[in-house]
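Asker: Fold the following, please.
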Amino acid sequence: MRQLFIVHIGNYLLSPNSGVYQKYQAIYQAMCPHVSTRLIAFTDQILSAPINHVEVVKINKSNKWSDISIWMEKNLGEQDVVWLRYPFASKGLFELTQKYGSQIVLEHNTNEIAEAVQIQKQAWLNARFGWKKVLSRSFWKYTWNTWISNQTDEAEWGVRCLSNVKGGISVTFELSEMLHARWENYQVMVLPNCISTFDFKWMDSAQKTRGDESIKLAMMIGSFDYWQGWERILRSAQVNLPIQTDIELDIYGEIPPWENKQVNKAIRIRNLPALTKSEMQEVLPHYDMGIGTLELFRKQMSEACPLKVRDYWRLGIPCLLAYNDTAVVKYPKLKEFNYFVPNDNSILPWNDIIEFIKSRKVHNQDAQEVIEITKNAITYEAYAQEMADFLFKK
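Answerer: Numbers count the residues shown, from 1 in each chain. Sure, this is the predicted structure:
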């Protein structure tokens, strides 16, 4: 009997509040009726309690690829497939794909080349010996842009890994094109990030109408990343903010203490703990708008499909977006329902955003239609058969 192993290397599958955990639980639930499915977390952590549906495999961090190879040798049958979230290329991943590549499908969530360079550059800038000043000089900028930035494991091993595996799953059409540009024979299925039909099970209401005139915004962050748009919000809160409007912005997820700033008395910012799925259903309907990714250009990307945005939509909440959402291409109603700003670092047009929110408070009849689109089309259950066909095709 064939099996699907959904595999993640690291600790995100061990945290019920993480987007990775929620996504893979949703895929697991959608795929189980079609194929025997197992969730595997390769980690160096020791757990005090079991995690729902997750099988934990202990590995040595310094020897992880050898440990994973040994596990695959013991557990993989000839017809089985491994769905592996792309962990950035390396010699270790390359050697694994040489041995088991015909049974591995890689999941791609980002522009790996650009993000690898950005992570490397950020590490240099954070170094204690003052690379920030060094890199600001034109000669060193030229050296970085023409030589150093290309010296990543992703640049060296990425294409070799892609050429060894069965295929790839891309969360956007844009990433699919990037992957084909890297390896033209790469077999790719575009599968946008979705949620589960189970997320609607206990939902009995959508966005709630409040009696006060304040504007309430919510922003959920799985991790504090430079492309989320926090800096853009801070810059925008210092200018062009209507004094007459009372704005509350609640950030759900951890912000580093040095970044958590109160910048304008007209906008009150609170940093609150991340929400579970059940908490989202209780808390989020009281907000006027959810904030999606605002600076995706920093990863040299223009298209995305964040899970948090799907969670806003399933509750009938419009979003502030600064990218092309994969679902909007297929469902024009979603474009009308949300407010879009440019994918750059420009100041947010607060007056226009507030007018949009106020108009939605009066004319909110299409919220239920958006909930139905999300429920019927932006779930993994809707893609389950297509996923099975792609993963197990000969």
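
Asker: before we move on, what SS does residue 63 have?
Answerer: Here residue 63 is helix, with the state taken from DSSP: H, G, I helix; E, B strand; the rest coil.

Asker: do you know how far it is from residue 42?
Answerer: 12 Å (CB to CB, to the nearest Å). Where you see a C-beta, it was placed from the backbone N, CA and C, and this is true even at glycine.

Asker: Those two: which is more packed in?
Answerer: The neighbour count for residue 63 versus residue 42, taken as other CB atoms under 10 Å, is higher for residue 42 (22 against 11).

Asker: That one looks like it's in a strand, true?
Answerer: Yes - under three-state DSSP, residue 42 sits within a strand.

Asker: list the contacts for it?
Answerer: 7-10, 57, 59, 64, 67-68, 71 (CB atoms under 8 Å, 6 or more residues apart in numbering).

Asker: ok, the spatially most central residue of the chain - contacts?
Answerer: Taking CA atoms, centre = their mean, the centroid of the chain lies closest to residue 306, which sits 4.8 Å from it. Going by CB under 8 Å, 6+ apart, residue 306 touches 193, 292-293.

Asker: Now do it, the pLDDT please.
Answerer: For residue 306, the pLDDT comes out at 92.

Asker: for residue 132, same thing?
Answerer: 57.

Asker: Kindly report the same for the one 3 residues further on.
Answerer: Per-residue confidence at residue 135 stands at 56 (pLDDT).

Asker: Could you number the chain from 210 rather than 1 from now on?
Answerer: OK, 210 is where the count begins now, so the last one is residue 344.

Asker: re the thing from before, show me which of the contacts of residue 251 are buried.
Answerer: The neighbour count (16 or more other CB atoms under 10 Å) marks 216-219, 268, 273, 276-277, 280 as buried among the contacts of residue 251.

Asker: Tell me which residues touch residue 444, please.
Answerer: Counted by CB under 8 Å, 6+ apart, residue 444 has contacts 554, 556.

Asker: element containing it?
Answerer: In the assignment (DSSP states H and E), residue 444 maps to helix 439-446.

Asker: And that helix, what's buried?
Answerer: 439, 441-442, 445-446.

Asker: what are the ranges of the strands in the stretch 260-409 of the chain?
Answerer: Assignment of strands within the stretch 260-409 of the chain using DSSP state E, counting those that start in this stretch yields the ranges 263-267, 290-294, 313-317, 376-379, 397-399.

Asker: tell me, how many neighbours does residue 390 end up with?
Answerer: 9.

Asker: I'd like the distance between it and residue 372.
Answerer: 14 Å.

Asker: for residue 500, what are its contacts?
Answerer: Counting by CB under 8 Å, 6+ apart, residue 500 has contacts 426-428, 438, 442, 458, 528-529.

Asker: how does it look with 10 Å?
Answerer: Shown in contact with residue 500 (CB atoms under 10 Å, 6 or more residues apart in numbering): 426-430, 437-439, 442, 458-460, 517-518, 521, 528-531, 557.

Asker: same deal with residue 522?
Answerer: 404, 499, 528, 534, 536, 540, 543, 546-547, 576, 579-580, 582-584, 587.

Asker: Which strand or helix spans it?
Answerer: helix 516-523.

Asker: now that helix, how far from the centre of its chain.
Answerer: The chain centre lies 12 Å from the centre of helix 516-523; the measure is CA atoms, centre = their mean, to the nearest Å.

Asker: Could you list the paired strands of the helix or strand following that helix along with their orientation?
Answerer: Next along the chain after helix 516-523, taking DSSP H and E as the criterion, comes strand 528-530. Here strand 528-530 has these sheet partners by DSSP bridges: strand 498-500 (parallel), strand 548-549 (parallel).

Asker: what comes into contact with strand 528-530?
Answerer: Outside strand 528-530, the residues that reach it (CB under 10 Å, 6+ apart) are 426-428, 438, 442, 498-503, 505, 513, 515, 517-519, 521-522, 534, 537, 543-544, 546-550, 552, 557, 562, 565-566.

Asker: didn't residue 309 look like it was pressed against residue 278?
Answerer: Yes - the pair residue 309 and residue 278 passes the contact test of CB atoms under 10 Å, sitting 7.5 Å apart.

Asker: of these two, who's got more company?
Answerer: residue 309 (20 against 15).

Asker: Roughly how far does that one sit from residue 392?
Answerer: From residue 309 to residue 392 the distance is 18 Å (CB to CB).

Asker: Could you do residue 298 as well?
Answerer: 12 Å.

Asker: Give the residues shared as contacts by the two.
Answerer: With CB under 10 Å, 6+ apart as the test, residue 298 and residue 392 both reach 367-371.

Asker: Export those residues as TSV, with columns for distance to residue 303 and neighbour count.
Answerer: Below are the shared contacts of residue 298 and residue 392 laid out as TSV (distance: CB to CB, whole Å; neighbours: other CB atoms under 10 Å):
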residue	distance to residue 303	neighbour count
367	9	23
368	10	15
369	5	15
370	5	25
371	10	25
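
Asker: which one of the buried ones among the contacts of residue 251 sits closest to residue 376?
Answerer: Of all the buried ones among the contacts of residue 251, residue 376 sits closest to residue 216, with 15.2 Å by CB to CB.

Asker: sec struct for the closest one, please.
Answerer: Per three-state DSSP, residue 216 ends up strand.

Asker: is it true that it touches residue 248?
Answerer: Yes - with contacts counted by CB under 10 Å, residue 216 reaches residue 248, the gap being 8.2 Å.

Asker: so what's in contact with the two at the same time?
Answerer: Common neighbours of residue 216 and residue 248 (CB under 10 Å, 6+ apart) are 222, 233, 264, 292.

Asker: Before I go, just wanted to say thanks for your time.
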